[in-house]
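Engineer: Okay, predicted coordinates and the sequence, questions at the end:
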Amino acid sequence: MKITDAFFANNTLTVALNDGQIILFPCVGMKWLMEATPEQQKDFNIESDGYGVWWNELDDGIALHHILNPAPIQATKALV
């Protein structure tokens with residue numbers, strides 16, 4: 001499975017996978033991203049291997065396996 005497209009808006013990362021799935025990932029647990037400017041939040045790339053998303057100016061990112069299996073604390077916060 002690989003990321004083929006991504007979109008960030010309203011504190012949510014939406015990724016399209018090469019198997020047709022669309023995943024909505026709430027980024028509330030990613031303080032470094034939540035505190036970034038809107039321009040910084042939009043300045044990301046899909047890693048060349050399709051296994052993650054990287055924010056250039058923030059020098060940080062998230063791997064696909066974390067998007068597919070988020071930590072329980074992130075899932076709890078996202079539901080609140």
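Structural biologist: Sure, I can see it. Residues are numbered from 1 along each chain as shown.
Engineer: Mind telling me what element the spatially most central residue of the chain is part of?
Structural biologist: Nearest to the mean C-alpha position of the chain, by CA atoms, centre = their mean, lies Leu13 at 4.3 Å. Assigned by DSSP states H and E, Leu13 belongs to strand 12-17.
Engineer: in that strand, what's buried?
Structural biologist: Residues of strand 12-17 classed as buried under the neighbour-count rule (16 or more other CB atoms under 10 Å) are 13, 15-17. C-beta here means a position set from N, CA and C on the backbone, and glycine is covered the same way.
Engineer: pLDDT score assigned to the residue nearest to Thr14 when sequence neighbours are not counted?
Structural biologist: Using CB to CB, 6 or more residues apart in numbering and skipping the chain neighbours, the partner closest in space to Thr14 is Phe7 (4.6 Å). The model reports Phe7 with a pLDDT of 90.
Engineer: how many neighbours does Phe7 have?
Structural biologist: Neighbour count for Phe7, taken as other CB atoms under 10 Å: 13.
Engineer: Confirm it sits in a helix?
Structural biologist: No. Looking at Phe7 with DSSP: H, G, I helix; E, B strand; the rest coil, it is strand, so not inside a helix.
Engineer: Kind regards, and thank you for your time.
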